[in-house]
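Peer 1: Make a model of this:
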Amino acid sequence: VQLQAAGGGLVHSGGSLRLSCEASGWNFSSYNMGWFRQAPGKEREFVAAIRWTGGSTAYATSVKGRFTISRDNAKNTVYLQMNSLKPEDTAVYYCYRSSIWPNQQYDYWGQGTLVTVSS
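Peer 2: You can find the predicted model right below:
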C-alpha cells in the first residue's frame, strides 16, 4: 500500500501549484481520497476531499474557492490544484484515503510534499 505525493515547491504569494498523489497496491477507485496539511508547530489540518466516484468534494473554509481537488481513477491519482497561494498555506501536504464519507478518516497516508509560499 503506497501513496506518493509530489509537486510541492517554493512559490510566491499569489502563485499556483498542482500536487499529485499516485496510489498503488490497492483498489484506488473504491476509496474516498483527500489532502491534509501540517505546518511547523501546528496541528494537522484537513484541506480537501473527494468521494470515490468523484461526484462529491469537500473543502476547508480556508482554501475554498482557491483549491480544487480532482481524481483520475484510471491513473490511480488524486490532484490538488492550488491557486492564489498565501504564506499561510505553507505546510507539508499529505494525501490520504478515507473509507467513510462525508466525515473523513485518515485510514492511510503517504509521505508528504512540502509547499512553501513566500510573501
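Peer 1: Report the mean per-residue pLDDT for the helix or strand where residue 18 lies.
Peer 2: Assigned by DSSP states H and E, residue 18 belongs to strand 17-24. Average pLDDT, strand 17-24: 97.
Peer 1: How about residues contacting it?
Peer 2: 1-9, 11, 33, 35, 75-82, 85, 93, 95, 97, 110, 113, 115 (Cβ atoms under 8 Å, 6 or more residues apart in numbering). Glycine gets a C-beta too; all of them are placed from N, C-alpha and C.
Peer 1: how about the strands in the protein?
Peer 2: 2-6, 9-12, 17-24, 32-38, 45-50, 57-59, 67-72, 77-82, 91-98, 108-109, 113-118 (DSSP state E).
Peer 1: returning to what we had before: now list the buried members of the contacts of strand 17-24.
Peer 2: 3, 5, 7-8, 11, 33, 35, 76-82, 85, 93, 95, 97, 110, 113, 115 (16 or more other Cβ atoms under 10 Å).
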